[in-house]
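Engineer: just to be clear, the model below is a prediction. Sequence and coordinates:
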Amino acid sequence: MRSTNLSRRFHPGSTGLILAVAAGLALAGCGASATSPGTVTRQAATGVRVLWMGDSIAGAQAPALEAALKAAGVAFENATSDGGGNVVAGDHEATAMGARETWKTLKENLASFRPTVIAYQITTYDWGTPRQQLSAYQRLSRTAEDAGARLVLVSAPPFKIDDFYKPHENAIRSAPAMAAKAARGRYLDAAALWGSDYAAAKAQRAKDGIHSCQQGSAAFATWFAKQLGELAGFTPAAPAVWATGPWTGDERFAKLGCG
């Protein structure tokens, strides 16, 4: 499958400035006392175990989300995939192949990681008819239920529908409604954080209009940890504890040219 998302470049910038803004955004969401830069104070284990699924957009959010959740005593496993990660096979050869790999990996993670929460961000590759999308999300719901886990579906941030995505725009547009229908009250609309315009400052998209750098990833982790805490019964850690931690140096950001 074409790993199209990772091939796109972010506009460079000052890491120090990005992290300062990220910390400021995080602190605005959850006021708390700050700690020394780079330190992460982890709370006692909560028993909550989150399996994070999605494509490279979710992958760019994973380092911040892992830091935020681990700081709250939540176990975390990153099961995202670059250029895939989809559960909807549709009728396209590439997405069918991606879906097969996703379901295979999910089965392995259920056995090895034993999540209590499966969090799936709708991918840019969930192409198919609304019926195919609904069927796939319902299958994911049943799979989670059979494993004794809670399923949480979250919409993708607004992203640029370029020439690659344009033929699949209808499927991209219909996926959130099908996910909401299948999630049984556990669907989170990320428009509450990003808005609906990928080009707006609020969306915090990079130059490619798709991914996020450290600043956007920290903002997402702050928002999502709060939503997840309400659903799964844990208290998110104050962003001051983790927002400027070692995760900001993850090699993913360097490869994306985040600075």
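Structural biologist: That came through fine. Residues are numbered from 1 along each chain as shown.

Engineer: got the contact list for V117?
Structural biologist: V48, R49, V50, L51, A149, R150, L151, V152, L228, L231, A232 (Cβ atoms under 8 Å, 6 or more residues apart in numbering). Every C-beta, even on glycine, is put in place using the N, C-alpha and C of the backbone.

Engineer: helix/strand/coil for the fourth one?
Structural biologist: Reduced to three states with DSSP: H, G, I helix; E, B strand; the rest coil, the structure at L51 is strand.

Engineer: residues in contact with T46?
Structural biologist: Contact analysis of T46 by Cβ under 8 Å, 6+ apart lists A72, G73, V74, G233, F234.

Engineer: need the phi and psi values for the second one.
Structural biologist: When read as degrees, to the nearest 10, the backbone of G73 gives phi 80, psi 20.

Engineer: any stretches of the stretch 51-200 of the chain with poor pLDDT?
Structural biologist: By pLDDT under 70, the stretch 51-200 of the chain contains no weakly predicted segment.

Engineer: again, only this time at 90
Structural biologist: Where the stretch 51-200 of the chain drops to pLDDT under 90, the residues are 82-83, 183-185.

Engineer: and the residue nearest to the spatial centre of the chain, how far is that from E101?
Structural biologist: Central residue of the chain (Cα atoms, centre = their mean): A58, 3.3 Å from the mean position. Distance from A58 to E101, counting by Cβ to Cβ, to the nearest Å: 15 Å.

Engineer: SS state for Y125?
Structural biologist: Classification of Y125 using three-state DSSP returns coil.

Engineer: if we can go back for a sec, filter the contacts of V117 to the buried ones?
Structural biologist: Burial by neighbour count, 16 or more other Cβ atoms under 10 Å: within the contacts of V117 this picks out V48, R49, V50, L51, A149, R150, L151, V152, L228, A232.

Engineer: can you name the residues that contact the last one?
Structural biologist: Contacts here follow Cβ under 8 Å, 6+ apart; on that basis A232 touches V48, V50, V74, T116, V117, R150.

Engineer: let's have those in CSV, adding secondary structure and distance to D91.
Structural biologist: Formatted as CSV, these follow (DSSP: H, G, I helix; E, B strand; the rest coil; distance: Cβ to Cβ, whole Å):
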residue, secondary structure, distance to D91
V48, coil, 37
V50, strand, 32
V74, coil, 37
T116, coil, 34
V117, strand, 31
R150, strand, 31
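
Engineer: farthest pair in those?
Structural biologist: Using Cβ to Cβ, these reach their maximum pairwise distance at V74 and R150, which is 12.8 Å.

Engineer: T116 against A45, yeah?
Structural biologist: No - between T116 and A45 there is no contact under Cβ atoms under 8 Å: 11.7 Å.

Engineer: where exactly do the helices run in the protein?
Structural biologist: Listed in chain order, the helices of the chain (DSSP state H) span 15-29, 56-71, 93-112, 130-146, 169-182, 191-194, 214-232, 239-242, 251-255.

Engineer: nearest to I161, out of the ones you listed?
Structural biologist: Distance to I161, taken as Cβ to Cβ, is lowest for helix 169-182 among the helices of the chain, at 5.4 Å.

Engineer: what's that closest one in contact with?
Structural biologist: Here helix 169-182 makes contact (Cβ under 8 Å, 6+ apart) with 88, 90, 122, 124, 126-130, 133-134, 137-138, 140-141, 153, 155, 161, 165, 187, 189.

Engineer: tell me the buried residues within those.
Structural biologist: By 16+ other Cβ under 10 Å, these give 88, 90, 122, 124, 126-128, 133-134, 137, 140-141, 153, 155, 161, 165, 187 as buried.
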